[in-house]
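Enquirer: coordinates only, sequence not included:
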């Protein structure tokens, strides 16, 4: 147990330059507290101590601002950075080495029972305010940009942004905070630039024809 805790703390220190010491992470990081309390709540949930598990998860939400349903499955070295407003639904699964920022929702899209929350692969980064909704899959190594709304599967290694989320690039091999970097190309922006150029060309052609037409006797 102690070894696992040390590994969790080291994984946070690798991803957050603001984490200056082990004791700081242990005492001051709500994401670590939320994950540790969830592991206990999830064990209680699996033992069918459902009410006790919900009470513990409610306590965790009260002290951390992070709401994780005890039925959710969370892998190793999951880092919830800042954390306030994070919501993780009952049937969500999260792989190893995943980073979630504040305001992230892993939610359902209806009142149906059964699988209704997303599956998040390994080494995924989900930026602040992003919403990943429904029984979809975000593949290993994917990046979800801040405030994106994801309602379709994201392939491994892809980066997505926007509402609804669309692919902008293959994810870089290194860790990228908040899921995006300024040098990632946006295909929608590139298409808009092309359309503007075409409109400019058409306007110039129309103006030229009007000038020729008015100059004719």
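Expert: It's in. Computed from a prediction, not measured in an experiment: that's the story for all the values here.
Enquirer: count the residues that sit near residue 108.
Expert: By the criterion of other Cβ atoms under 10 Å, residue 108 has 18 neighbours. Backbone N, C-alpha and C define where each C-beta goes, glycine included.
Enquirer: typed the wrong thing, it's residue 202
Expert: The local packing of residue 202 (other Cβ under 10 Å) involves 10 other residues.
Enquirer: what about it, which SS state?
Expert: Put simply, residue 202 is helix when judged by DSSP: H, G, I helix; E, B strand; the rest coil.
Enquirer: measure it to residue 96 for me?
Expert: For residue 202, the distance to residue 96 (Cβ to Cβ, to the nearest Å) stands at 52 Å.
Enquirer: wait, residue 146 touches residue 102, no?
Expert: No: the pair residue 146 and residue 102 fails to qualify as a contact (Cβ atoms under 8 Å) at a distance of 9.9 Å.
Enquirer: so what sits against both of those two?
Expert: 128-129 (Cβ atoms under 8 Å, 6 or more residues apart in numbering).
Enquirer: which non-adjacent residue is nearest the residue most central in space within the chain?
Expert: Per Cα atoms, centre = their mean, the C-alpha nearest to the average position across the chain is that of residue 126, at 2.0 Å. Excluding the flanking residues, the one nearest residue 126 by Cβ to Cβ, 6 or more residues apart in numbering is residue 144, at 4.4 Å.
Enquirer: which residues touch that neighbour?
Expert: Listed by Cβ under 8 Å, 6+ apart, the contact set of residue 144 reads 124-127, 130, 132, 138, 150, 154, 159-161, 165, 179.
Enquirer: output the residues you listed as a markdown table; include the columns secondary structure, pLDDT and distance to residue 13.
Expert: Conversion of the contacts of residue 144 to a markdown table gives the following (DSSP: H, G, I helix; E, B strand; the rest coil; pLDDT from 0 to 100; distance: Cβ to Cβ, whole Å):
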| residue | secondary structure | pLDDT | distance to residue 13 |
| --- | --- | --- | --- |
| 124 | coil | 95 | 19 |
| 125 | strand | 94 | 17 |
| 126 | strand | 95 | 20 |
| 127 | coil | 92 | 20 |
| 130 | coil | 94 | 24 |
| 132 | strand | 96 | 26 |
| 138 | strand | 96 | 25 |
| 150 | strand | 95 | 28 |
| 154 | strand | 94 | 28 |
| 159 | strand | 89 | 25 |
| 160 | strand | 90 | 28 |
| 161 | strand | 88 | 28 |
| 165 | coil | 84 | 30 |
| 179 | helix | 61 | 20 |
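Enquirer: identify, from these, the entry nearest to residue 86.
Expert: Minimum distance to residue 86 across the contacts of residue 144 is 9.5 Å, recorded for residue 126 (Cβ to Cβ).
Enquirer: is that closest one in a bridge, and if so with what?
Expert: residue 100, residue 144 (DSSP bridges).
Enquirer: my read: it touches residue 102, true?
Expert: No: look at residue 126 against residue 102 with Cβ under 8 Å: they stay out of range, at 10.7 Å.
Enquirer: show me the contacts for the residue nearest to the centre of the chain.
Expert: 98-101, 104, 120, 132, 138, 144, 179.
Enquirer: ok, 10 Å please
Expert: 80, 86, 94, 98-101, 103-106, 118, 120, 132, 138, 142-146, 148, 150, 178-179 (Cβ atoms under 10 Å, 6 or more residues apart in numbering).
Enquirer: could you measure it against residue 201, distance?
Expert: 41 Å.
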